[in-house]
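This is the structure alone, sequence omitted:
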């Protein structure tokens with residue numbers, strides 16, 4: 001059984017978020033939350049929030065009354081590029097330069113550890 005959470009339009013570039021997402025890919029949920037809590041990158045805050053939402057979604061599924069939060073792991077974590085906000089700024093000699101403010105979409109899927117994988 002698995003559950004997912006999606007955070008859209010995060011005002012941070014996907015490249016910055018992927019650097020932190022690579023730290024927790026495939027880890028247990030408890031270990032991943034610990035890593036995110038003590039990582040000194042601003043991208044760790046939206047990742048932690050999305051991961052907590054995915055765990056909560058897993059616990060609220062209909063047939064998951066016997067799910068232990070300690071037995072969950074991150075099955076998939078994906079950071080996609082969202083829309084790019086384009087702003088203009090004055091430059092020298094009367095020109096204007098484009099500033100691109102990038103956004104990201106974060107998708108996290110959590111699943112139960114299989115009993116056969118533990119043995």
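Arrived safely, thanks for sending. Everything numeric in this text was worked out from a predicted model, so none of it was measured. Numbering: from 1, shown residues only.

ok, and the helix or strand in the protein with the lowest average confidence?
helix 115-118 (a mean of 48; mean pLDDT, DSSP states H and E).

which residues are in contact with the longest strand seen in the chain?
Longest strand in the chain, counting residues (DSSP state E): strand 72-90. Outside strand 72-90, the residues that touch it by Cβ atoms under 8 Å, 6 or more residues apart in numbering are 2, 4, 8-10, 14, 17-18, 21, 24-29, 32, 51, 55, 58, 96-113. Quick note: C-beta positions are derived from backbone N, CA and C, even for glycine.

Just the buried positions in it, please.
By neighbour count on 16 or more other Cβ atoms under 10 Å, the buried set for strand 72-90 is 72, 73, 74, 75, 77, 79, 82.

That strand: what's the following helix or strand?
strand 96-112 (DSSP states H and E).

Parallel or antiparallel, which strands does that following strand pair with?
For strand 96-112, the paired strands and their directions (DSSP bridges) are strand 2-10 (antiparallel), strand 72-90 (antiparallel).

Surely residue 17 forms part of a helix?
Yes - judged by DSSP: H, G, I helix; E, B strand; the rest coil, residue 17 forms part of a helix.

Next, count neighbours for it.
24 (other Cβ atoms under 10 Å).

and the gap between it and residue 75?
As defined by Cβ to Cβ, to the nearest Å, residue 17 lies at a distance of 18 Å from residue 75.

Could you do residue 15 as well?
23 Å.

what do you get for residue 4?
9 Å.

ok, now residue 99?
Taken as Cβ to Cβ, the span from residue 99 to residue 75 is 37 Å.

okay, and the common contacts of residue 4 and residue 75?
With Cβ under 8 Å, 6+ apart as the test, residue 4 and residue 75 both reach 109, 110.

that older thread, which among the contacts of strand 72-90 end up buried?
Members of those classed as buried by 16+ other Cβ under 10 Å are 4, 10, 14, 17-18, 21, 24, 28-29, 32, 51, 55, 58, 102-112.
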